[in-house]
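Peer 1: Fold the following for me, if possible:
(chains A and B)
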Amino acid sequence: MKQPLQLQINGESRQMLVEPFYSLLDCLRDEAQLTGAKKGCDEGDCGACTVLMDGQPVTSCLVLAHSAHHADITTIEGLASVAALSPVQRAFVEHGGLQCGFCIPGLIMSATGFLQSNPNPTEEDVRFAIGGNLCRCTGYARVVEAIMAAAAEMRAAQ
Amino acid sequence: MTSRNFKVLGQNHPRVDAYDKVTGRAAYAADVYLPGMLACKLLPSARSHARILRIDTGPAAALPGVRCIITGADFPDVRFGSGALRDRYVMPRDTVNFVGEPIAAVAAVDEATAQEAIELITVEYEDLPAVVNPITSMQPDASTVHPDLEDYQGYGFTMGHNVSTLLDADRGDVDQAFQDADHVIEDVYRSQGINQGFLEPMACVADVEPNGRLVIYASTQGPYQIRAGLAAVLELPVSRIRVVAMELGGGFGAKLRLAFEAFPALLAMRTGRPVKLVNTREEAFTMNGPRLPVTNYIRSGVMNDGTITAREAYTIFDVGAYLGAGPNSGIGHGIGAYRVPNFRLRSYGVYTNKIYVGSYRASGVADMTFAVESHMDHIAHRLGIDPYDLRLRNALREGDVSVSGAVVPSNGLLETLQAVKDAVAWPRQLEDGHGIGLALCEWRSGSGPSTAAISVNDDGTVSLLTGSTDISGSDTSLAAIAAEALGIGMQQVIVAKRDTDMAPYTGQSGGSRVVYSQGTAVQRAANETRDKLIALAAERLGLPQDALGCEDGRVYVLDNEPQGLTFTQLAAASITSRGGPIIGTAALSSMPYTPVFAAQAAEVKVDRETGQVRVLRYVQAQDVGTAINPMAVEGQLEGGVVQGIGRALTEDQQFDPDTGAVRNPSFAAYLMPLAIDTPQIENILIDVPAPDGPFGARAVAEPPGFGPPAAIANAVYDAVGVRVKELPLSGERVLAALKGQSPALTMDVASLRRAEGIAAD
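Peer 2: Numbering: from 1, shown residues only, chains lettered A, B, ... in the order given. All right, here's what the predicted structure looks like:
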């Protein structure tokens, strides 16, 4: 039976009635109409569903929606303001770090969460940080380049 | 670089869809939510080969929330196929041919209910003998996968029994050439099953419009092919079906044709409600055709100086339950990028009771390249010739005749070889356990029906309409081609989204054909648009057309540049002009043969204790002709190489030897490269303009993935002196080779020759 659930999603408080077996991913997509997080495997292997939960990257397919009760969730939709992309988003655009784009919301959320905890990473750090995000199109070269560029830009802005 | 002076091409442009994709707004098929939408789930066959005696859907239908259940009997009694041979039903009527084959579909109010209903369906089977191994399947006493094969529409090119396909290509006097050769060298190679690994599982939403037309929101590389496939299996005219191509989350060949769209389509027709089907990852592995194993026998006659004079290659493609792509490459790529005056090439497609074979990034060519390019190194080492020199000696030159008989036009093959040689400082002696290997890759720029329409908007921008779905940034490249031809900026080109109701018919997005063929149509449509703009300006200015130029969004007078009319002014003028609003169109069906060549080098480290191979560096040089959007070109090259590295080292779609069932249907068990697994990749773009093709561009996407298995296997040989002839080059396999315990790979070529009446040894 559906149970009440409260989440802070992209800065907005949302109350929903959600089945107890629903994952956070299903809750975001089916109930909150936020389809940016993708279901690539529903098994925690691909990382396409990555969102930030209380600031930490999580694979939302492996988080039970109700275990996120009262949590602060940031999805890809919450990153850009109306006027501007976030530095990570902008770097992906400028460095060509995307092709089909299906893994990109997850990669950008992983990178965003990671750069908050490590603003000055090495390339190897970046590769490990996105080690849970599969991408079949890019071969990662431009993805890594974009994240390094975003890190540099964010440091310069501080 | 050439002296060509481009304004738009040759510069890096962000993708036209980049903003949508980094903000999560890009809508894929699974992102379609319609009011009243039902969820569809599928029941997979539990048997590899069995008669379906009874399907009991009663308890499932009684479950609250279930709206409709369909089985094979609900579809018209028509077969379809992925090619000419129509060897399958969209849902089996009485016989299942592989574990995982969908045999019933449920529509229910939500996914959980639909899945619960699936589990309530019971099926009574009568098992039939199954055959899983393609070599066994070719034996006369093997059980038959398709007893009615000869009655199928499109039957031909086959030997009957389980051989769905036998293709041949011959040139010269092969047997004499082998007799005259100084050396005869033979090998058998085997490559593994490979999953396409697209991140977006198959998804589709079907809806029925109030007027009864079917609308399909699809994840596809070929909206018109989905429409044609649906029309065939539902016995509807194509005009009753509209396919909307949503963003494509990776296809690599897996989404070229009709897949599961007919299930939600029929359920939507029956219920009058929209129906959504989204595959699970397990279903993406077990229901949707991957590449299946390939065994290749290759034999060469070689002179003392390294000149190859004869080639014989027999290749056996496992096609699983239903014929798909692949066997063509057994003859099309049996001699590689080399001039071989005498050859006998045979390619077999063989049925087994496994999941049907699917397409993947030039189906079969990577398997052929592994065999041909490993064999080249084997020849070089046997003769004591440098592998680079052997390749250079035999490489195709302009004016040579390709395997298909087409004359090889100007190309950058030799330049790619030289560039890679320079980049890795070949030949180079490395420390123990380290090695370098080479591979040469060949492909052709893809052809096929292509169309484009360009209309000029009120504000001087243009709208570009094509039927091609975007793969790998092709929309951006097409926009760049239009912009270049019209003398406007990228920002002035709007690329329309695809829908079979409004875009002109076109071939699939695949086989490296979009930028080359579709791009040519765009260029021609842009030229026509420009000509019409110039004609209108000439009329308004009272000047001859040849006195006018077209650049920077305006038509101007050649010897008085400030005088002219902007596209905006011309668009306004066109409304009341004799010719009316300006639109340029173009269509073509095929393009001349334009080869694409790439040379690659892998530098590896082999751990002698574990057999683990690590790629430290990868260099590729490809003749891409004009790089329309270099950033996108390099992205393609890198992505392709990494797919190839996965194929070389870790990816292995495994099948149960008894049932043929996929044994590793998850990303946790099917190991695609991660960011931490990929080496530094260096791209060298060689620019020998294609004689045809838009602004001299060649195809890009396929060749990068061909080379890594052979380049890495050759590097392993260079590092530790063992040749591994079976993919993937897992630690286990390399270690066995180091211990001299590699299993022998064989093929009974003598009996294949005999079956054809060939007397040779």
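Peer 1: What distance do you get for B:M490 to B:L464?
Peer 2: To B:L464, B:M490 is 11 Å away according to CB to CB, to the nearest Å. Yep, even glycine has a C-beta here, placed from its N, CA and C like the rest.
Peer 1: Also B:A669?
Peer 2: 43 Å.
Peer 1: tell me, what's touching B:M490 and B:L464 both at once?
Peer 2: B:A479 (CB atoms under 8 Å, 6 or more residues apart in numbering or on different chains).
Peer 1: More neighbours: these two, which one.
Peer 2: B:L464 (23 against 17; other CB atoms under 10 Å in any protein chain shown).
Peer 1: Give the pairing partners of the helix or strand containing the more buried one; include direction for each.
Peer 2: Assigned by DSSP states H and E, B:L464 belongs to strand B:462-465. Strand B:462-465 sits in its sheet next to strand B:450-456 (antiparallel), strand B:493-495 (parallel), going by DSSP bridges.
Peer 1: could you point out which element follows the last one?
Peer 2: Looking back up the chat, that one is strand B:493-495. Next element after strand B:493-495 (DSSP H and E): helix B:519-541.
Peer 1: could I get that following helix in PDB with only the CA atoms?
Peer 2: C-alpha atoms of helix B:519-541 as PDB (Å, rounded to 0.1, in the frame of the first residue of the first chain):
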ATOM      1  CA  GLY B 519      25.300  14.600 -45.600                       C
ATOM      2  CA  THR B 520      25.600  14.500 -49.400                       C
ATOM      3  CA  ALA B 521      21.800  14.900 -49.600                       C
ATOM      4  CA  VAL B 522      22.000  17.800 -47.200                       C
ATOM      5  CA  GLN B 523      24.800  19.400 -49.200                       C
ATOM      6  CA  ARG B 524      22.700  19.100 -52.400                       C
ATOM      7  CA  ALA B 525      19.600  20.400 -50.800                       C
ATOM      8  CA  ALA B 526      21.600  23.300 -49.400                       C
ATOM      9  CA  ASN B 527      23.000  24.000 -52.900                       C
ATOM     10  CA  GLU B 528      19.500  24.100 -54.300                       C
ATOM     11  CA  THR B 529      18.400  26.400 -51.600                       C
ATOM     12  CA  ARG B 530      21.400  28.700 -52.200                       C
ATOM     13  CA  ASP B 531      20.700  28.600 -56.000                       C
ATOM     14  CA  LYS B 532      17.100  29.600 -55.400                       C
ATOM     15  CA  LEU B 533      18.200  32.400 -53.000                       C
ATOM     16  CA  ILE B 534      20.600  33.700 -55.700                       C
ATOM     17  CA  ALA B 535      18.000  33.400 -58.400                       C
ATOM     18  CA  LEU B 536      15.500  35.500 -56.400                       C
ATOM     19  CA  ALA B 537      18.200  38.000 -55.500                       C
ATOM     20  CA  ALA B 538      19.200  38.300 -59.200                       C
ATOM     21  CA  GLU B 539      15.600  38.900 -60.100                       C
ATOM     22  CA  ARG B 540      15.200  41.600 -57.400                       C
ATOM     23  CA  LEU B 541      18.500  43.300 -58.100                       C
END
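Peer 1: After it, which helix or strand is next?
Peer 2: Taking DSSP H and E, what comes next after helix B:519-541 is strand B:548-551.
Peer 1: Please name every helix or strand in contact with whatever helix or strand comes next after that following strand.
Peer 2: Sequence order places strand B:554-557 as the next helix or strand after strand B:548-551, per DSSP H and E. Applying 3 or more CB pairs under 8 Å, 6 or more residues apart in numbering or on different chains; DSSP states H and E, we find strand B:554-557 packed against helix B:519-541, strand B:548-551, strand B:560-566, helix B:567-575.
Peer 1: Give me every residue in the stretch 601-750 of chain B lying close to chain A.
Peer 2: Along the stretch 601-750 of chain B, the residues adjacent to chain A under the rule CB under 8 Å from any CB of the partner chain are B:631-632, B:634-636, B:638-643, B:666-668, B:672-676, B:678, B:681.
Peer 1: in chain B, what spans have low per-residue confidence?
Peer 2: Counting by pLDDT under 70, chain B shows low-confidence ranges at B:1-3, B:157, B:760-761.
Peer 1: In contact with A:V88, which residues?
Peer 2: A:L79, A:I108, A:A111, A:T112, A:L115, A:A146, A:I147, A:A150.
Peer 1: Check B:P129 too.
Peer 2: Shown in contact with B:P129 (CB under 8 Å, 6+ apart): B:H49, B:S143.
Peer 1: State the distance from it to B:N457.
Peer 2: For B:P129, the distance to B:N457 - CB to CB - is 64 Å.
Peer 1: Give me the subset of the contacts of A:V88 that also touch chain B.
Peer 2: Restricting those to those near chain B - CB under 8 Å from any CB - leaves A:L79, A:I108.
Peer 1: Now the residue in chain B positioned nearest to chain A. Its backbone dihedrals?
Peer 2: With CB to the nearest CB as the measure, B:G24 is the residue of chain B nearest to chain A, at 2.3 Å. Backbone torsions of B:G24, given as degrees, to the nearest 10, read phi 80, psi 10.
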